[in-house]
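Engineer: Give me a model of this one.
(one chain, ligands or ions: 2)
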Amino acid sequence: MKISAEFVTSAAGTEGFPRDRLGEVAFVGRSNVGKSSLINALVGRTLARTSAAPGKTRLANFYRVQRGAAPALYLVDLPGYGYARGGDAAARDFNRLADEYFARSAEGKAIGVLLLVDSRHPGLDSDLDAWSWLKDLGCPSGVIGTKVDKLTRAERARHTRALESSFERPVPLISAATGEGLEELWKLIVRLTKPTAAS
Ligand SMILES: Nc1nc2c(ncn2[C@@H]2O[C@H](COP(=O)(O)OP(=O)(O)O)[C@@H](O)[C@H]2O)c(=O)[nH]1
Ligand SMILES: [Mg+2]
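Structural biologist: Ligands and ions are numbered 1, 2, ... in the order given. Predicted structure coming up:
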């Protein structure tokens, strides 16, 4: 399927967010969980900067993507939330940016959110905290497990059960490295940006 994708802007807060009416899907997760790699894998080229060292970006990066005949949308790479949502300066920056970002949802902007969790580490407190915060936002939302290529067959089954019981919904496992699960993920992304999508 033909995909066009381009980097549009980096924003530190309200003044910097794009002002058009495109739907958006925000990628949320701990530093290093694989947000930027996943955006690159979804669009089939290197747009987002990835890093083995966690925690570099404090900006929201907007990528405009159009796939096949579907409407254009933004994939938004939010900063990693580190190991706690609250406390140090990086966490405060994240909280402010996230609050300003998601405030647009209450103002009628179609924003879906994908929580990325490392499929090797189901049920981390910081991920569960993030999930309860995201659910309260009321945006259409989904949870996915990253880096499934690193799991054994036995771990896949066991970690899937653990993730689904923690997050109380299906948690598809994906890999930016092998492409596993990306076709399904595109379907989820399209659902999350439909104005009437159920969360
Ligand atoms: N094996 C494997 N490594 C991955 C995958 N996705 C990301 N990584 C690695 O994990 C590290 C962090 O990835 P990055 O996308 O920068 O994470 P971000 O901080 O959440 O944006 C990098 O070293 C990536 O190469 C994956 O699906 N499989
Ligand atoms: Mg990143």
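
Engineer: Span of stretch 96-114 from start to end?
Structural biologist: 19 Å (CA to CA, to the nearest Å).

Engineer: for it, which positions count as buried?
Structural biologist: Taking 16 or more other CB atoms under 10 Å as the neighbour-count basis, stretch 96-114 is seen to contain the buried residues L97, A98, E100, Y101, F102, S105, K109, A110, I111, G112, V113, L114. To be clear about C-beta, it is placed using only N, CA and C from the backbone, and glycine gets the same treatment.

Engineer: Can you sort out which of those residues also neighbour ligand 1?
Structural biologist: Residues of these in contact with ligand 1 (CB under 6 Å from any ligand atom): none.

Engineer: Name the nearest of those residues relative to ligand 1.
Structural biologist: Nearest to ligand 1, judged by CB to the nearest ligand atom, of these is L114 at 11.7 Å.

Engineer: Please identify the helix or strand for the closest one.
Structural biologist: Per DSSP states H and E: L114 is located in strand 111-118.

Engineer: which is the next helix or strand following that strand?
Structural biologist: Following strand 111-118 in sequence, per DSSP H and E, is helix 125-137.

Engineer: Return the residues in contact with the spatially closest residue to G112 that is not a sequence neighbour.
Structural biologist: Among residues not flanking G112 along the chain, L192 sits closest, at 2.7 Å (CB to CB, 6 or more residues apart in numbering). Residues in contact with L192 (CB atoms under 8 Å, 6 or more residues apart in numbering) are V25, G112, V113, L114, P140, S141, G142.
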